[in-house]
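[1] sequence unknown, structure follows:
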């Protein structure tokens, strides 16, 4: 029995509120149960120096957690003067995941920054961030395409041809389960994050033995759970973006 | 005529959602029109070193703004590795304002940290923070008092005997107006923030000539507007805390 | 009775030594009793990026305190690797105050940096800094005007048409008093800094209740004291700049 | 054909020189072809604060790269004043991997720090680090056990009951290949790092699509290659530690 | 002919104003011509951790330069967030030099921090700092000894049995000269700083070829000049400390 | 008797392995007994801003020590976020020493960075660094000259006309001795580093009294020892560079 009372392959309730931010070119408040992340997509003409003048765009991500998003207050990274290794690892993963489904040539010389800020945390903040970031990115790219078309210089194609979503799975009390919340995650023997595309491809696998090493069979069973979960996320993304 | 179409002494719609955060001992999502700030109050037993063992508590504040809370994306302070002078100035002001209405002896050896994170900005983020922080603090102290009473060691009195609220006023197109939004603030000739208590006292005045210097009469007219605005805030605070 | 033995509206002895620094384009060692601040004005052709090519100049300030300017040694900010919130708040105030009386168009594409370094502290270092900074700025602008005239390209007018000065006031033992020294400041119930122009305008008011909130009447009485004090400062500034 | 001319399942030459450092309690210079990493294990009695007094030990890792370990000079992290996200991600992975095979209770109140410094880089520095770190850790623990036995207070068992090794695999020109060097890695479509134990368990999988997403079959084929490679590493580790 | 018009073995005018600071336990404003350094000695009971409980004291130094001490404005180290290599090198030298003449056992468990802040620079700021620091240290130790005697627990002896002074010499236009000012220093072929004791001992030699290497004879001639210069400094120190 | 058992004027065994690094334009692993330093020379076309467009080159150095190069583990400077004063002092010395024998005009618009990383430390790391850096620099310049000649645009001359080497000497148990190892250095009464050229010139002298001040005679005896030692280094440098 899971602490959450959910079935092994049962997700938490997913909610995706598009356009949550009044200012951003794209945004989404994504909720996986009690995990709430605000993602904004900011479109800028300024590219990183190494990309300028090559006709390509860039998608990057930053991640943060409000100090009291968690059960006990964590220190504020801005006050400490540096981002933790965990934060940097997560924001690198988010950026990589979204770049995997974006055609930089079609995007053109634009940078889109995805800010993922955890308002409330209950496990799975990085996978919720990736899942919500796709919505914010989709909305921002919709806007870019509409503006470009309105100016009579339409993009040659949609830079975002697929969906990408992520989910965490783990082994809890010996049983593979889907979409760990904080209590389940703390007690999980193996913890795995999967980033998958809507056409069935794998973008990233990060599986870690928290206690005893795991075997190939476990890895595959976790992957199968992840496919189930991501299908729910893909549906929520479509709904949130009006598709 | 104000850009917002409001009357000179008209506030934006105030909304205060208490208990917005699942984890914090007290919390409030405060909205002054399109300015939205999430305030959490975290209660800890750990005091700053210079206060330990003196039987007194402490209230402090931290302030941050999500990178895309604003019209154009600002850089993330955690990524830059330091808080701006503006951020530090604001969080010092918030802390001072709340300490002004808290009895540290009655609070006892506890520290309450008020995290004010701007989710969306449209002018007046520091005054909204102070106003919402009172709600979060009130709820946290209610909890402390209830717990202490339940343990048979009630506090000797309520550490928070008054309300405190803040509002910004300014001179726009030659006319003193209340509760500036971003567009009005950008064009204001004089900009003043007032922190007032519910019993009519002044806790802080910060008035700055953005262009030409101002005179005593203007200062007094802005203060009178602030009193009008703070009365609305006091009412909203009472409602949000169920009083 | 004030600890200093001064009358409520009595300033400390003001001394302003112009040209104290051999290298700076303008400089002033300003003394308010035992508070001694060295201000230098450095003129540079290099503007901050956002101002370049607009035909306007800029005035900015930095503030520091020698580690043993105070009764007990404070840590050196350069060694700690960051400026405190207090330091940043003060240098922002100084810059704002001097910009309020400078015409940036007349100044032309030049930046003047006012370095205010506290050699010895006894209360009122920020207000002494502002008051002395005007002298350093005046001397630097005199030099700019003289050089421009000598080159046959005189400035279209004097960029510094007014004086600006600042003073701290406070409520000590229930009585409003002028120009607080350190001992008085430590015990003050209300502490207010006023930045005023020689033509009677108010540039900035920063009034803070250290203990109990204060009322409008107190604010006005402190402002009246400030006017008295600033008149003395204006006279000293004129004398120091040979006017 | 691989750029290196190797067969798809062919490792580079592995060399492990134990005791390379005169001072460290354990050390190993590990070479995977032209990738050379010096690992030292430092034993200290001082534990991180959150572990003190619990009767358990800790294993942690730090990672660095000499500025000219690479084809072109990279900037020195100590001079830049911070470790990159990549560095932090790698050192967290190394620490996790070695902790997965260490019994902290048996280790007792000791911390072992594994410093992995890349002297020369040609792809696979993180996996070489993990593989060499096991040798340094094994030697350090041998020393701890010998000293404890000599004092008549032997450890209750060997804290390091298994081996751990890591290898990178990838898809190059459509073909899964083992142990990527820098040139192969730069052109790889999918890049995967596996951390495996000598008893066949999986400690960590990190698989990333650099271009197109990959499928389950590819993941499994890369895992199979990793098993082949790690067997070679396990043998080299045994030889280096005289087992 | 030297740019300064001085004879090769002629010092600039030395002035040492003891007790310049109202707060410090010892202080000295030292002037070598247009080089002005304020040195304060701060006595604290708090020792660095590695010295506590050993019955010994410590003398350390910090060095800084006001941004406009120099011909053109330098950036403020506190604003940049770190001390330059030059600053650190100088403060290490000052600390070492003063420790060389201090008996730490006699000093007892006290730390004296010598803050050397350059108010105005014209070459030789590090040697002026050392020379003035001796005066500040002497005065602070006089105070410690007097207080200890007054309490009936006199020190077992004077911790400062000798004087220490420093001077820079160099080869200018082929001729060894004493006490370089900024213009001479900029053009010097060899630059040497000597730290000497009043009993003729050498505490530190730092000689650097700025252009062509120098020979042993030059080193000795510079040392002889330094002895001449330090004798003047020793006399000024005695006068400043009333001996 | 020296702890090392060496005669007073006896060096440790010197070993210089040229071309140790596969990637750098010049490199050398230098060993003075148990002190091992890897020096790489990196040639880049990018000059520091203040040198651009002047037809001259630049030589600079960075220094680092692996955390466990020493008897007990030191903290990693990259993790602490800053280089120590000692590190900065040493890298400034290395850069100065190599620049003293390099003709920047002949070098042309190129920067050569000498990275000196201490793999293992047993005293004399800075002098070993300088000595080895000459080899790395010589090899890099040989490469530059060969490439320039191959392109038909030979350099006008060899930018490195002399050798430079460094050695530490000290007074141990009252006797001047050459090439201190760590144990000798820890107990040395006077510690002196000399940087000398192969034509007999002195580039830098840094002599420090660790305990009692020293006299002129001691300085000269240490210099004589340094000449003996550097002659051995010069011979090893020639051998390592195939001259």
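    Structure's in. What do you need? Everything quoted here is computed from the prediction, not taken from an experiment.
[2] quick one: residue A:63 is in a strand?
    Yes: assessed with DSSP: H, G, I helix; E, B strand; the rest coil, residue A:63 lies in a strand.
[3] give the contact list for the residue of chain A found nearest chain C.
    Using CB to the nearest CB, the closest approach of chain A to chain C is made by residue A:81 at 7.4 Å. Glycine gets a C-beta too; all of them are placed from N, C-alpha and C. Residue A:81 is in contact with B:81-82, C:82, counting by CB atoms under 8 Å, 6 or more residues apart in numbering or on different chains.
[4] redo that, cut-off 7 Å
    Applying CB atoms under 7 Å, 6 or more residues apart in numbering or on different chains, we find residue A:81 in contact with B:81-82.
[5] just the strands in chain A please.
    Assigned by DSSP state E, chain A shows strands spanning A:14-18, A:26-32, A:35-44, A:58-65, A:111-120, A:164-172, A:175-178, A:190-197, A:202-209.
[6] how about the first one: buried residues?
    Buried positions in strand A:14-18, judged by neighbour count with 16 or more other CB atoms under 10 Å in any protein chain shown: A:14, A:16, A:18.
[7] quick check: the residue of chain A nearest chain F.
    Chain F sits closest to residue A:82 of chain A, with a gap of 7.4 Å, by CB to the nearest CB.
[8] closest to the centroid, which residue in chain A?
    residue A:130 (0.6 Å; CA atoms, centre = their mean).
[9] need the nearest residue in space to that one, chain neighbours excluded.
    residue A:166 (3.9 Å; CB to CB, 6 or more residues apart in numbering or on different chains).
[10] next, give phi and psi for the residue lying closest to residue A:42 once chain neighbours are set aside.
    In space, and not counting its chain neighbours, residue A:42 is closest to residue B:73: 4.0 Å by CB to CB, 6+ apart. As for residue B:73, its main-chain torsions (degrees, to the nearest 10) stand at phi -70, psi 130.
[11] contacts only, for residue B:73.
    A:42, A:44, A:113, B:67.
[12] likewise residue A:154?
    With CB under 7 Å, 6+ apart, residue A:154 has these contacts: residue A:148.
[13] let me see the contact set for the residue in chain A sticking out farthest from the centre.
    Computed with CA atoms, centre = their mean, the maximum C-alpha offset from the centroid of chain A is found at residue A:152, amounting to 32.9 Å. Going by CB under 7 Å, 6+ apart, residue A:152 touches no other residue.
[14] contact residues of chain A facing chain B?
    A:21-24, A:34, A:38, A:40, A:42, A:44, A:62, A:64, A:66-68, A:70-71, A:73, A:76-79, A:81-83, A:113, A:115, A:117, A:119-120 (CB under 7 Å from any CB of the partner chain).
[15] report the buried members of these.
    Judged by 16+ other CB under 10 Å, buried ones among the residues of chain A next to chain B: A:21, A:23-24, A:38, A:40, A:42, A:62, A:64, A:66-68, A:70, A:73, A:76-79, A:81-83, A:113, A:115, A:117, A:119-120.
[16] how about the helices in chain A?
    A:77-80, A:85-99, A:104-107, A:125-150, A:182-186, A:216-240 (DSSP state H).
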